[in-house]
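J.: let's see this in three dimensions:
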Amino acid sequence: MIITLKGTEIDAPTGSGTASNVGSARLVRCVNAGGTARLVTLELAGGTDIGTFTVPANGIQYVRKDATDELFAAHADIKLAACTQN
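T.: Alright, predicted model coming up:
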């Protein structure tokens, strides 16, 4: 997938109370910079979980979401960046 980055990569927040909408992005690149698979949670702005997925060790996943939906991860090994698909 070819993407255009729309902001600076951030460490994923590690709890629901600090979850990020990643600059109101609708497409987010999730990179696992560590050697252990990590769980990522997508939730509504109010904190209700939409779903979870696992990013494999040293893996990359892309998440389509609404602008107000938020992400957090089980570990700061997960890095998040707003992007668009070209």
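J.: tally of neighbours for V22?
T.: Neighbourhood size, V22 [other CB atoms under 10 Å]: 27. Yep, even glycine has a C-beta here, placed from its N, CA and C like the rest.
J.: with the one 3 residues further on instead?
T.: Applying other CB under 10 Å, we find 23 residues neighbouring A25.
J.: tell me the SS of it?
T.: coil (DSSP: H, G, I helix; E, B strand; the rest coil).
J.: ok, and the closest non-adjacent residue to it?
T.: Excluding the flanking residues, the one nearest A25 by CB to CB, 6 or more residues apart in numbering is A82, at 3.4 Å.
J.: secondary structure class for that neighbour?
T.: Per three-state DSSP, A82 ends up strand.
J.: just the pLDDT for it.
T.: At A82, the pLDDT value in this model is 98.
J.: partners of it in the sheet?
T.: Taking DSSP bridges as the rule, A82 bridges to V28.
J.: so how far is R64 from it?
T.: For A82, the distance to R64 equals 12 Å [CB to CB, to the nearest Å].
J.: any common contacting residues for the two?
T.: Jointly contacting A82 and R64 under the rule CB atoms under 8 Å, 6 or more residues apart in numbering are L27.
J.: who has more neighbours, these two?
T.: Using other CB under 10 Å as the criterion, A82 and R64 rank with A82 on top: 22 against 11.
J.: do I have it right that that one meets K6?
T.: Yes: the pair A82 / K6 is scored as a contact, 4.0 Å apart, by CB atoms under 8 Å.
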